[in-house]
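Asker: The following block contains a protein sequence and its predicted model.
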Amino acid sequence: MAEQKKIAFLVSSEGIEQAELTDPWQHVEKAGGVPRLLAPELGKVRAFNHLTPADEFTVDLELSQADPNDYDGVVIPGGVANSDFIRMDADAVAFVKRFVEAGKPVASICHGPWLLVEADVVRGKKLTSWPSLATDLRNAGGDWADQEVRVCGANGWTLVTSRNPDDLPAFNREALKAFGLQGL
């Protein structure tokens, strides 16, 4: 039996868009992968349904202790507060930089690409996001377009991006392909 692929989900302590965490998580599990929740601190993180507090989730590992070599893919969920907090976490930024340098796939949705901007890995990539990030992503060297999903293999690594929870079916399908997991 082949070793199961481990997928890191990078989040801050609160403000995570719940559907953008739980839906890809469930698809990774159904496809035989092992999702792991990484955050700046151990304990619980709070997800939101847009601006309404939702469920809490237990962190598996602190980002400061996480080794990108232990993972086969990364998912960066959105949520405005989550994305703003996580991009300011030096360990999250370093994790993403090392992950990209290793040529491993990243999937990011909604406001999640802010972390990619902070890690300075957007240059030359075709991507999408929540529309309010378009200027940030273009200024960071990305080719932004308002599309359901964009998959880009430029610069030696695959990036899958989508705009919002409505795009999750396409996002999940393309993320699983990028991670080498059997799609549903």
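Answerer: That came through fine.

Asker: drop to CA atoms for contacts and neighbour counts, all remaining ones
Answerer: OK.

Asker: Nearest residue to the most centrally placed residue in the chain in space, ignoring adjacent ones along the chain?
Answerer: Centroid-nearest residue in the chain, with CA atoms, centre = their mean: Ile76, separated by 1.6 Å. The shortest distance from Ile76 to any residue other than its chain neighbours is 4.6 Å, reached at Ser108 (CA to CA, 6 or more residues apart in numbering).

Asker: Also Ala154?
Answerer: When the adjacent residues along the chain are set aside, Ala154 lies closest to Lys125, with 6.0 Å between them (CA to CA, 6+ apart).

Asker: Next, the contact list for that neighbour, please.
Answerer: Shown here is Lys125, whose contacts under the criterion CA atoms under 8 Å, 6 or more residues apart in numbering are Gly141, Gly142, Asp143, Cys152, Gly153, Ala154, Asn155, Leu159.

Asker: Mind putting these into TSV with pLDDT and distance to Asp167?
Answerer: Output for the contacts of Lys125, formatted as TSV (pLDDT from 0 to 100; distance: CA to CA, whole Å):
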residue	pLDDT	distance to Asp167
Gly141	98	24
Gly142	98	20
Asp143	98	19
Cys152	98	17
Gly153	98	20
Ala154	98	22
Asn155	97	25
Leu159	98	15
